[in-house]
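Colleague: Structure, please.
(one chain, ligands or ions: 2)
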Amino acid sequence: MDVLDFVTKNLNPSQKDAVETLEGPLLILAGAGSGKTRVLTHRMANIIGQGVAAPDEILCVTFTNKAAKEMEHRIYKILADMGARVHSQLWINTFHSFCVRVLRQHLTLLDYKPFFGIYDSSDQLSQIKKVMTALDINDKMYPAKNFQGAISRAKMLGLNPDAFEKERKNSRHFADAKTIEVYKLYEKEMKKANSLDFDDLLLKTYELFRMYPDVLQMYQEKFKYIMVDEYQDTNHIQYLIVQMLAQAHRNLCVVGDEDQSIYSWRGADIKNILDFEKDFREAKVVKLEENYRSSGNIVGAATAVIKNNSERKDKTLFTSNPAGDKIQVREERNEYDEAKFVAKTIQTMMNEGEGSYNDYAIFYRTNAQSRVLEEQLRTLSIPYRLVGGVRFYERMEIKDMLSYMKLAINPADDVAFKRVINVPARGIGKTTVEKIEEFAFQQNLSMMQAALKACEERVFNAGTTGKVRRFVELMGNLQELALKHPLVEFYPIVLDMTEYLVALKKDESPESLARIDNLEELDNAIVQFAKERGEEGTLTSFLEEMALVSDVDSLNQEQNSVTMMTLHISKGLEYPYVFVVGLEENLFPSARSLGDGDTEEDVQEERRLAYVGMTRARQKLWLTYAKMRRVWGQEQFNPQSRFIKEIPQEYIEFKTAAADAPRFMAKYGSSSYDSDETWGRPQWGATSGSRNKPRSYEDESQSFPDYDDAPASSGGGFSKGMRVRHPTFGAGTVYATEGEGENFKVSVMFTDNTVKKFVVKYARLEKI
Ligand code: ATP
Ligand code: MG
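Modeller: Ligands and ions are numbered 1, 2, ... in the order given. Got it, this is the predicted structure:
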């Protein structure tokens, strides 16, 4: 069989057309589950199989590292089945990992030193706070997070501090003087730390290409074919990079669905896909119209919902799959009952032999909704895993170890320096660290250099000088050892020489034991990484990979358990059985989208999110809502989500909890909760119910928890490090605090090493 027959044998005619069309710009615009990702995979195999280009002459960009790995795996499989050999490396990356690959080669051109570090969002926040202190800007009046958001938005638009300032002069609304001041100094400090944040990875690549046309030209010529999956969620800077790279060969194939654009809050611009034909007038457009993933009822319902959006291209999506079961719409009294229903349904179905736990997924709008669900799954002993939330690599002990390793190869990394200088405790107090920081600012040195200089110039008393000097020497030694030893040997050296492990072992609390387990797990990860990468498995590449793993990447399908995640992270995935919970007005669509401002646009984005969630399901879909839900300790009564009402009756089977039989028609929503005496009365003796808009549902689509490194505030007498007990979760330690007064929140790490955040006012936390 020839290559083309081979790569197209399981494709429909439109898919085949897309796989065969290699020359020129190509737009594949199609609804969910129509095989877009599959087409990209086969197209790449086609190009390699035909020998039109070598594997390393094709750039493919996916949305997550997990998707990249999966695609790579499939391509290898297709090629192996064909008997074709792969001689060079594949370039299947996320935008971020592509940029790291480029910058690793060329960033020195922009005046950085080799071995630059990557700051995640919490490192970035520490850096911004440091800058704010230097500029004497009050964190209470001007929250650091606001600056973080503004800087990130500027970078996503391709604006460095100077361009940002110019932009400000041109337009009234964009940035205030303080933001510019913070951005400028932040930039300077990042440079000094020889580190880049996530947005920098893209911005610096863009700047590199602009400033060094020969470097750009090299990549332009190298990549004969470029493909981008989930193109509807590219932001402006990603768009610019793709445009630049595609100019030489113009063989750019983008794939997407404007109905699944759900990341505008992260700067994604739906116009990128809508305007593709303007950007490339010669573009060929292929539409895929058959959905292979879902049952007829699911496709019908999802299509009906998305039809209510105005800003979209008209598309057809049909399926030859059987209609299947109707969509189960379920009304419950409150979030506990809703969670019980979900857990119970999974239990019943599993008892009836329907699939394995892996086949079930639960999606919610905000991470906060997961707690009650987890509780109920645990009660019924249903194994589950949470995607997002606190990620392995964000755990305290893991970040500590990674910081030591980062500092060993990049001594200029001040955030890492501050994180570990007194961890484990070395008797170096906060004042000393502040002095070092101040000294570093004055002298324009990194904190490491400043610490050494301060010792030499006797800035501290003899005792402190000794301690600081020992730390600097320790890091000096580690720096040397990092060069001498391969990664697998270096990690145990760090554990040992920093005395981190000894300190944990001395402290015999269950938390410490869990931390030791995690440090062991990190060792496993390192060994595995080194094995997979061989020669390339260096400390630098490991740290890079660690910095880039995203929520969904940690999803390990092998473990047999129910998957729980936010709707945002569910994009691109599929499961036989899907529950979408919390379909209530003000939660989904979120209160924010219904608030002031660009309401209609925001609701449309929420609707796309509903479409994404529903179209993940292959066989069965449940949509549930609670008539009453507690948010930040307040009872909220919200009507059924408009997204349920938008589904035609014919696709739905509607049930309420009480009668377990049809009571209200879904179309009319739940009509009479006031007169229903059996529920809705405060059950937890909490504050009075509120029918108003929720004060704040956290928009946790981002699920990047940020632990406040600031000293603990005094709210409710809870402070960092304090031991507490929660009636449901048991004993734990306060890990971080934030907010004030009514909003004072604590994050507590429990003995099973999970971290949960509570509003102190409402949580029944007890000091122990
Ligand atoms: P999404 O919009 O959710 O990203 P998609 O358009 O990328 O979806 P895929 O994930 O590529 O769709 O495909 C959806 C499902 O349909 C997959 O399980 C895929 O294997 C299957 N599929 C796609 N095309 C065909 C085909 N021609 N024959 C059989 N199955 C197919
Ligand atoms: Mg896809």
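
Colleague: Can you name the residue of the stretch 551-700 of the chain nearest ligand 2?
Modeller: G572 (4.6 Å; Cβ to the ion). All C-beta spots, glycine's among them, are computed from the backbone N, C-alpha and C.

Colleague: is it true that that residue lies in a helix?
Modeller: No. G572: not assigned to a helix; according to DSSP: H, G, I helix; E, B strand; the rest coil it is coil.

Colleague: Contacts only, for it.
Modeller: T37, F63, T64, A67, D229, E230 (Cβ atoms under 8 Å, 6 or more residues apart in numbering).

Colleague: Equivalent analysis for E354, please.
Modeller: Y577.

Colleague: what do you get for the one 10 residues further on?
Modeller: When contacts are counted by Cβ under 8 Å, 6+ apart, Y364 is found next to S370, L373, M564, T566, L567, V580, V581, G582.

Colleague: can you list the residues of this protein near ligand 2?
Modeller: Residues of the chain lying close to ligand 2 by Cβ under 5 Å from the ion are K36, T37, G572.

Colleague: Could I get the phi/psi values of the second one?
Modeller: Just to be clear, that refers to T37. For T37, the backbone dihedrals (degrees, to the nearest 10) come out as phi -60, psi -40.

Colleague: Could you report the neighbour count for the closest residue to it other than its chain neighbours?
Modeller: In this structure, T37 finds its nearest non-sequential neighbour in D229, 5.8 Å apart by Cβ to Cβ, 6 or more residues apart in numbering. Neighbourhood size, D229 [other Cβ atoms under 10 Å]: 26.

Colleague: So I526 belongs to a helix, correct?
Modeller: Yes. With three-state DSSP as the criterion, I526 is part of a helix.

Colleague: Any stretches of the stretch 451-600 of the chain with poor pLDDT?
Modeller: Applying pLDDT under 70 to the stretch 451-600 of the chain flags residues 550-558, 595-598.

Colleague: Check it for the residue nearest ligand 1 and tell me.
Modeller: G572 (4.5 Å; Cβ to the nearest ligand atom).

Colleague: Could you measure from that residue over to M211?
Modeller: 34 Å (Cβ to Cβ, to the nearest Å).

Colleague: cool, and L452?
Modeller: 34 Å.

Colleague: Quick one: residues contacting V299.
Modeller: Applying Cβ under 8 Å, 6+ apart, the residues near V299 are G33, N291, L317, F318, T319, N321, T615.

Colleague: which residues sit in contact with S310?
Modeller: By Cβ under 8 Å, 6+ apart, the neighbours of S310 are Q604.

Colleague: does it count as helix, strand or coil?
Modeller: coil.

Colleague: And it, what's its pLDDT?
Modeller: Here the pLDDT value assigned to S310 is 88.

Colleague: Kindly report the residues of this protein close to ligand 1.
Modeller: Contact residues (Cβ under 6 Å from any ligand atom) of the chain with ligand 1: 10-12, 15, 30, 32-38, 257, 260, 292-293, 572, 574.

Colleague: Tell me the confidence at whichever residue of the stretch 1-150 of the chain sits closest to ligand 2?
Modeller: Closest approach between the stretch 1-150 of the chain and ligand 2, counting by Cβ to the ion: T37, at 3.3 Å. Per-residue confidence (pLDDT) for T37: 96.

Colleague: count of neighbours near it?
Modeller: T37 has 19 nearby residues by other Cβ under 10 Å.

Colleague: who's in contact with it?
Modeller: A67, M71, D229, V255, G572.

Colleague: Inside helices: which ones of those?
Modeller: A67, M71 (DSSP state H).

Colleague: Include distance to R470 when you put the contacts of T37 into a markdown table, please.
Modeller: Shown next, in a markdown table, are the contacts of T37 (distance: Cβ to Cβ, whole Å):
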| residue | distance to R470 |
| --- | --- |
| A67 | 46 |
| M71 | 49 |
| D229 | 50 |
| V255 | 55 |
| G572 | 49 |
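
Colleague: Which of the contacts of T37 scores worst on pLDDT?
Modeller: A67 (89).

Colleague: Can you give me the neighbour number for it?
Modeller: The burial count for A67: 22, using other Cβ under 10 Å.

Colleague: Just give the nearest non-adjacent residue to it, would you?
Modeller: G572 (5.9 Å).
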